[in-house]
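**Student:** Can you look at this prediction? I've put the sequence above it.
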Number of protein chains: 2
Amino acid sequence: MSAAPPLSAAHDDDCLRADIRLASVPGVGPRSRRALLARFGSAEAVLAARPADLAQVPGVSRKVVEAIVAGGDDRYADGVLGLCRERGVGIVRHGSSDYPGLLARIDDPPGLLFTRGEFLPCDALAVAIVGSRHATAYGRKIAWQLAGGLARAGYTVVSGLARGIDAAAHRGALDAGGRTIAVLGSGVLAVYPPEHHDLAAEIAGRGAVVSEVPPLAEPSRGAFPQRNRIVSGLSLGTIMVQGAETSGAMITARLAGEQGREVFAVPGPIDCRMSRGCHRLIHDGARLVESVDDVLEEFGPLCEATPTAEGREIRVPAELQLGDVERRVLDAVDDQLADGVSADIDEVVAASGLATSQVISTLGVLEMRRILRRVPGNRVARA
Amino acid sequence: MSAAPPLSAAHDDDCLRADIRLASVPGVGPRSRRALLARFGSAEAVLAARPADLAQVPGVSRKVVEAIVAGGDDRYADGVLGLCRERGVGIVRHGSSDYPGLLARIDDPPGLLFTRGEFLPCDALAVAIVGSRHATAYGRKIAWQLAGGLARAGYTVVSGLARGIDAAAHRGALDAGGRTIAVLGSGVLAVYPPEHHDLAAEIAGRGAVVSEVPPLAEPSRGAFPQRNRIVSGLSLGTIMVQGAETSGAMITARLAGEQGREVFAVPGPIDCRMSRGCHRLIHDGARLVESVDDVLEEFGPLCEATPTAEGREIRVPAELQLGDVERRVLDAVDDQLADGVSADIDEVVAASGLATSQVISTLGVLEMRRILRRVPGNRVARA
């Protein structure tokens, strides 16, 4: 035997190998995986469990029990791990610090995400743009424009790398110099459709290409609905740009709603089938979108303070849209808040170095945008 | 002196003359007119009132008092009456049996309507289609299609005879063999725009061209907002097809809402200014319209039983959309209802001459369409 690697690294590898093996067992989906982990604590423990114990987990059929027991070979997992190392594919485990926080909060988060490129903390400010592969020129143009506007506002644009709307959305974010994340139904090294190879490589350099299936997995029909929950799950909201009522994008939009995220839809001509899905969503309560502003003004406070691409911590997405003076006043407020939950307005004026009248009117704007609120005694606090 | 005409006709003429004179007084609008009539009882009494008494009516300024007192000459009114007789223009007085019932229910109904053509009782089933004069080909096509669909379903289409959406809506109703009403801001003999002379004549033959200003009044800017309340007031609901956020059609749609009528809007491409008004209405709660069905399914029970063009009495607009079997079953129910408020289902089956299973399933459909409701004891009633 060769020298053992440091214990923690070896342990990490074992965990990862078990995670990969468990993820590869046919019939173990996100929900049964969650039930198994809840019962046994770790993928390793699941794979070592006795059939009788496995059979007691709700939703785990006899066939799945047999598949788990049969999945006892580490060579497959070693192969995947080796490939990832060789080709620079990252693996992000649910529960690790680099796992996207918004995605961790959905009901059925993926256990593993294979990634080309990387998640940054600022990707917590993400908006999904989805739509049909059969989009019209109108749909593609609008997707490109909205993605560009969101990217310029500091948002990461999430989509699915498909033809049509997805590609236009990724392209729009890239062209605006922003970040974008492509969630695949196939493995991150088996990019589908093939003509998006170069687009995927570009996205990996300015965001991430991610998938929950192993890197070389071929696209399968069943993988796409599963993929859709990751698209919406990574995002504060999902914008449907174009699609028939039966399109996969409809599923993503509905999932966004079920995940408690915002749902947006872009209207279009009623004599075009491709806008039917959007009109249905609007009819059912989705916010009608004409511009990026319609999207941005809908977001409430973030679950946790999030660093932007420039490294500034924000708590409300609207902070991304502040002008220089607004930023300066908010910074002054935050500095004074350091001592407590509210800040004295006179001290904010002094700290800002701006004229009193300008600070007062700017505080009014920040209040209107629901970033700050007034507190009795000439004070302000975070909303 | 020549022989006096029969007393009632002379009295009618006097009333009409006074109505016309009062309507012609500058500064007396629908609201001050209503206040004056509430105080004095009739137009004749208003015109005979003392200035001091007139001045006490809320909303009636000194200037208006002077104008009423000065408007004491019958020759102008005689001229209008003579012209109407000569040119076949009808005059419908608020309060008379041929005055449209829906219009009588708004806050500020016109005191008089000058008409070419005539109102029929079936015009109580009316829907307004409004939109911009600067509509695109898309907007005009949709207006024409929706109007045709509504006309084929038995609805009268109301609009304003303007260029663009209005003309397409009237045309759509006429092309479908239906009825349509054009409400003008000018007099019914001073059709504006001039190129719609022939269209107006065609509408007069298959519905009505109406206006609250005297037949030869030229179009004035101020008359159009006033006209809009008549368009929406004549209708169960108003569909905005296309228009900027500042368009007159927006005013009509908002008025429809204020009058307690349904408001509908047709979406369109977000990169076309002409759909902005519609999107704003949808954002504010208007029902998004893709097809005639979206409009028809929104209407609740009518205020009163209304005869259709075929002379059938209906109580719910949805009755216009019934198939033969549904109609036959509903007729059987109505026959049995003659004895009371609910009908025994077995008797309905017998009266209909249809198979029990067919009647039962059809009753289910009628219940779903909120035309009928089940009543305990194997009975049904009107919803």
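**Tutor:** Sure thing, it's come through. Numbering: from 1, shown residues only, chains lettered A, B, ... in the order given.
**Student:** can you tell me how far whichever residue of the stretch 1-150 of chain A sits closest to chain B sits from residue B:281?
**Tutor:** Proximity to chain B, evaluated over the stretch 1-150 of chain A using CB to the nearest CB, is greatest for residue A:138 at 5.8 Å. Placement of C-beta: from N, CA and C, glycine included. Using CB to CB, to the nearest Å, residue A:138 is found at 21 Å from residue B:281.
**Student:** Neighbour count: those two, which is higher?
**Tutor:** A side-by-side neighbour count of residue A:138 and residue B:281, using other CB atoms under 10 Å in any protein chain shown, places residue B:281 first with 27 against 20.
**Student:** so what's the closest residue to that one other than its chain neighbours up against?
**Tutor:** The spatial neighbour of residue B:281 that comes closest, neighbours along the chain excluded (CB to CB, 6 or more residues apart in numbering or on different chains), is residue B:265 at 4.1 Å. Listed by CB atoms under 8 Å, 6 or more residues apart in numbering or on different chains, the contact set of residue B:265 reads B:239, B:240, B:253, B:277, B:278, B:279, B:281, B:282, B:286, B:287, B:288, B:289.
**Student:** Of those residues, which is the nearest to residue A:330?
**Tutor:** Nearest to residue A:330 among these, counting by CB to CB, is residue B:279 at 31.8 Å.
**Student:** Now do the closest one against residue B:129, distance only.
**Tutor:** To residue B:129, residue B:279 is 18 Å away according to CB to CB.
**Student:** which helices and strands sit right next to the longest helix along chain A?
**Tutor:** Using DSSP state H to define each element, chain A has its longest helix at helix A:7-24. Applying 3 or more CB pairs under 8 Å, 6 or more residues apart in numbering or on different chains; DSSP states H and E, we find helix A:7-24 packed against helix A:30-40, helix A:43-48, helix A:74-87, strand A:90-93, strand A:112-117.
**Student:** Pick the most buried one from those.
**Tutor:** A comparison of those by mean neighbour count, using mean count of other CB atoms under 10 Å in any protein chain shown, puts strand A:112-117 on top with a mean of 24.
**Student:** any idea of the mean pLDDT for that one?
**Tutor:** Mean pLDDT, strand A:112-117: 96.
**Student:** Okay, buried residues for the helix or strand following that strand please.
**Tutor:** Using DSSP states H and E, the helix or strand that directly follows strand A:112-117 along the chain is strand A:126-131. Residues A:126, A:127, A:128, A:129, A:130, A:131 are the ones in strand A:126-131 that count as buried (16 or more other CB atoms under 10 Å in any protein chain shown).
**Student:** likewise stretch A:190-210?
**Tutor:** Within stretch A:190-210, judged by 16+ other CB under 10 Å, the buried ones are A:190-192, A:196, A:199-200, A:202-204, A:206-210.
**Student:** Start and end of it, how far apart?
**Tutor:** Length of stretch A:190-210, first residue to last, CA to CA, to the nearest Å: 11 Å.
**Student:** Pull the distance from the longest helix of chain A to the chain's centre.
**Tutor:** Here helix A:7-24 is found 24 Å from its chain centre; the criterion is CA atoms, centre = their mean, to the nearest Å.
**Student:** Now do that helix: everything it contacts.
**Tutor:** With contact meaning CB under 8 Å, 6+ apart, helix A:7-24 is reached by A:4-5, A:28, A:33, A:36, A:42-44, A:46-47, A:68, A:71, A:73-74, A:76-78, A:80-81, A:91, A:93, A:111-112, A:212-214.
**Student:** Enumerate every residue touching residue A:47.
**Tutor:** A:18, A:21, A:22, A:68, A:71, A:72.
**Student:** now those residues: which count as buried?
**Tutor:** So, by 16+ other CB under 10 Å, the buried ones in the contacts of residue A:47 are A:18, A:21, A:22, A:68, A:71.
**Student:** could I get the buried residues of stretch A:190-210 as TSV with pLDDT and distance to residue B:371?
**Tutor:** Putting those into TSV (pLDDT from 0 to 100; distance: CB to CB, whole Å) gives the following:
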residue	pLDDT	distance to residue B:371
A:190	96	56
A:191	96	56
A:192	93	51
A:196	97	53
A:199	98	55
A:200	98	56
A:202	98	59
A:203	98	55
A:204	98	60
A:206	96	59
A:207	97	55
A:208	98	56
A:209	98	55
A:210	98	53
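**Student:** Please convert those residues to a markdown table, extending it with secondary structure.
**Tutor:** Formatted as a markdown table, the buried residues of stretch A:190-210 follow (DSSP: H, G, I helix; E, B strand; the rest coil):
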| residue | secondary structure |
| --- | --- |
| A:190 | coil |
| A:191 | coil |
| A:192 | coil |
| A:196 | helix |
| A:199 | helix |
| A:200 | helix |
| A:202 | helix |
| A:203 | helix |
| A:204 | helix |
| A:206 | coil |
| A:207 | strand |
| A:208 | strand |
| A:209 | strand |
| A:210 | strand |
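**Student:** Among those residues, which one lies nearest to chain B?
**Tutor:** In terms of CB to the nearest CB, no member of the buried residues of stretch A:190-210 lies closer to chain B than residue A:199, at 24.4 Å.
**Student:** quick one: contacts for that closest one?
**Tutor:** Contact analysis of residue A:199 by CB under 8 Å, 6+ apart lists A:161, A:167, A:170, A:171, A:182.
**Student:** As CSV, those with distance to chain B and secondary structure would be great.
**Tutor:** Compiled in CSV, those are given as follows (distance: CB to the nearest CB, whole Å; DSSP: H, G, I helix; E, B strand; the rest coil):
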residue, distance to chain B, secondary structure
A:161, 24, coil
A:167, 19, helix
A:170, 20, helix
A:171, 18, helix
A:182, 25, strand
